[in-house]
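Novice: Starting from these lines, generate the structure:
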Amino acid sequence: MESPSEQSSPASLVGVVIPCYNYGSFLEEAVRSVEDQTIGRVAIVVVDDGSDDAESLRVLAGLRGAAQILRQANRGPSAARNAGIRALATRYACCLDADDALEPTYLEKAVSILEAQGVDLAYSWVQAFGDAHWVFRTEPLDLGTMLSRNQVSGHAVFRRAAWAKAGGYDEALLQGHEDWELWTHLAALGCRGVPIPEPLLRYRRHGRTRVFENLAHEEEFLALLRARYGGR
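Specialist: Just a heads-up that it's a prediction; the model follows:
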């Protein structure tokens, strides 16, 4: 792994990790949406998870601004997210997929809730765009519900201390649902999460993305989830 070009600033309260595997065509939009946040300075870590297509390599090589770039062999989104979070020196973290984007007030509103209410996660509703248009209305984190369906956005803003307590994202989950597993683990540990009742996360639907593979393995994943946390 290459060393980051600069260290995350301790002055940043929140950091955003953007894993990228061959999504260079969307990456600049994702980074720009973080740079445009109203909260002020945000630490940004882009994790190149072994991209090998020409467009992604070109975009990654030309990425400008405050973002750090970490490079690693392709190990999957959990490993990429964990590597990016470990590179942060912030109180809070958010993982943003390279093909998605944040509305300008997302981090400010999430951090405000985290600071004022002392909860461990804050996350908005989700607005789909591209090939589909709908709004997913997230709900407060609840262990019982998480054992049957995911009620939390994958782009939640969370305390890095809580992430560390849970041991991070499960890097063995190569078939997806790694965010669902982490939120359920945090719920089992007694962590609290609350939604922001506004669609401040833009979730891009385009072609046959990884979400379709996730759905194919959902029953198997639910069995694993219930085995791990059903008795809590």
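
Novice: Provide a list of residues in contact with residue 76.
Specialist: Residue 76 sits next to 49, 171, 173-174 when contact means CB atoms under 8 Å, 6 or more residues apart in numbering. The C-beta positions use only the backbone N, C-alpha and C, and glycine is treated the same way.

Novice: what about 7 Å?
Specialist: Listed by CB atoms under 7 Å, 6 or more residues apart in numbering, the contact partners of residue 76 are 171, 174.

Novice: and it, what are its phi and psi?
Specialist: The phi and psi values for residue 76, taken as degrees, to the nearest 10, are phi 100, psi 160.

Novice: Show the pLDDT at it.
Specialist: In this model, residue 76 is scored at 94, pLDDT.

Novice: And it, how far from residue 106?
Specialist: 25 Å (CB to CB, to the nearest Å).

Novice: what's the next secondary structure element after the lowest-mean-pLDDT helix or strand in the chain?
Specialist: In the chain, no helix or strand scores lower on mean pLDDT, DSSP states H and E than helix 210-216, which sits at a mean of 59. Going down the chain from helix 210-216, the next helix or strand is helix 218-229, by DSSP states H and E.

Novice: and that next one, what other elements does it pack with?
Specialist: helix 178-188 (3 or more CB pairs under 7 Å, 6 or more residues apart in numbering; DSSP states H and E).

Novice: residues in contact with the helix it packs on?
Specialist: Residues from elsewhere that reach helix 178-188 (CB under 7 Å, 6+ apart): 77-78, 120-121, 141-143, 146-147, 150, 152, 154, 156, 162, 166, 169-170, 173, 193, 225, 229, 232.

Novice: okay, that helix in PDB with CA atoms only?
Specialist: Backbone C-alpha positions of helix 178-188 (Å, rounded to 0.1, in the frame of the first residue of the first chain) are rendered in PDB as follows:
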ATOM      1  CA  GLU A 178     -21.100  -5.300   4.900                       C
ATOM      2  CA  ASP A 179     -22.700  -2.100   6.100                       C
ATOM      3  CA  TRP A 180     -25.800  -3.900   7.200                       C
ATOM      4  CA  GLU A 181     -23.600  -6.300   9.200                       C
ATOM      5  CA  LEU A 182     -21.800  -3.400  10.900                       C
ATOM      6  CA  TRP A 183     -24.900  -1.500  11.800                       C
ATOM      7  CA  THR A 184     -26.400  -4.700  13.300                       C
ATOM      8  CA  HIS A 185     -23.200  -5.300  15.300                       C
ATOM      9  CA  LEU A 186     -23.400  -1.800  16.600                       C
ATOM     10  CA  ALA A 187     -27.000  -2.200  17.600                       C
ATOM     11  CA  ALA A 188     -26.100  -5.400  19.400                       C
END
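
Novice: Give me the angle between that helix and helix 218-229.
Specialist: Using axes from the mean of the first three to the mean of the last three CA atoms, to 10 degrees, one finds that helix 178-188 and helix 218-229 are set 30 degrees apart in direction.

Novice: Start the count at 28 instead of 1 going forward.
Specialist: Fine by me, first position is 28 from now on; the one you just mentioned is helix 205-215.

Novice: Past helix 205-215, which element shows up next along the chain?
Specialist: Helix 205-215 is succeeded, C-terminally, by strand 220-232 (DSSP H and E).

Novice: What pairs with that following strand, parallel or antiparallel?
Specialist: strand 128-129 (antiparallel), strand 148-157 (parallel) (DSSP bridges).

Novice: rewinding a little: write a PyMOL command that selects only the buried members of the contacts of helix 205-215.
Specialist: Here is the PyMOL command that selects the buried residues among the contacts of helix 205-215 (16 or more other CB atoms under 10 Å):
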select buried, resi 104+105+147+148+168+170+173+174+177+179+181+183+189+193+196+197+200+220+252+256
